[in-house]
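> Attaching a predicted model along with its sequence, questions to come.
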Amino acid sequence: MSTIDKLKSVIGKRGGLAKSNRFNVIFTPPTQSLLNLNPSALIGVLAGGQSAKSLISDPRDISLLCQGANIPGRQITTIDYTAEKQVVPIPYALIDEDVTLKFLLTNDYYIKRMMDDWVSSIVNLDTYRVGYKKDFACDVVIQQLDAENVPMYGVKLENAFPTSVTGIELDQMQESAPMELSVTFSYDKLINLKGPASSTVGGIKAVLDILT
């Protein structure tokens, strides 16, 4: 029979309990979505008061504005097979869950404008032609962090792209409530970055992809 002391001992030797609010999301959207079209930034550059670098959005802002994420689960699909006297399930495929990220909306609608541009790079809103996947997909790294912000576990979503961008609800009764935008991503493959080392390497590679 387990006791509180034994439970505390197990938790202690394994670094404590994981906290749902300790996470990091790293990705770089398609190039055209990184442009900062905030009018104040454009005016500042034209007036000579700001550097042209201000027109390129810092992908780290995406991570800071992300207020919610999920590490996707997996489901093995099966088919019933009659074997001798009973029916047994036979696995035949693997399904990875979609991922939903929740972002805070700032007054310049930075995330919303970025997602609008991303969606239009997937499906042209004038011709309704679908683009090439290599041009609109990117890798997304989701990391679980410890109390010292060290990645302890992570996953990489290969060739991810948004498939659903929620609407924005406006409500006069919610005067001071922050606004959020939820975006659901689909992807080709889920890769587990097992342990602190591989998760950190995966995150560094994602950052290097942003800078190159």
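Received the coordinates, thanks.
> For this protein, just list every one of the strands.
Counting by DSSP state E, the chain has strands at residues 23-27, 66-68, 74-83, 86-96, 99-104, 138-145, 151-165, 180-186, 189-193.
> who's in contact with the last one?
When you say that, I think you mean strand 189-193. Residues from elsewhere that reach strand 189-193 (Cβ atoms under 8 Å, 6 or more residues apart in numbering): 72, 74, 96, 141, 143, 151, 153-159, 199, 201-202. (C-beta placed from N, C-alpha, C; glycine too.)
> Next: the second one.
The contact list for strand 66-68 (Cβ under 8 Å, 6+ apart) reads 25, 100-104, 180, 182.
> Quick check: PyMOL command selecting the buried ones in those.
Command for PyMOL, covering only those of the contacts of strand 66-68 found buried under the criterion 16 or more other Cβ atoms under 10 Å:
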select buried, resi 25+101+103+180
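> Lowest mean pLDDT among the helices and strands of the protein, which one is it?
The helix or strand of the chain with the lowest confidence, counting by mean pLDDT, DSSP states H and E, is helix 39-46 at a mean of 47.
> thinking again about what came up before, closest one to V10 among the strands of the chain?
For V10, the closest of the strands of the chain is strand 151-165, at 16.3 Å, according to Cβ to Cβ.
> which strands and helices sit next to the closest one?
Secondary-structure packing of strand 151-165 (3 or more Cβ pairs under 8 Å, 6 or more residues apart in numbering; DSSP states H and E): helix 110-122, helix 133-136, strand 138-145, strand 180-186, strand 189-193, helix 195-211.
> Buried residues, the shortest one. List them.
By neighbour count, with 16+ other Cβ under 10 Å as the criterion, the buried positions of helix 133-136 are F136.
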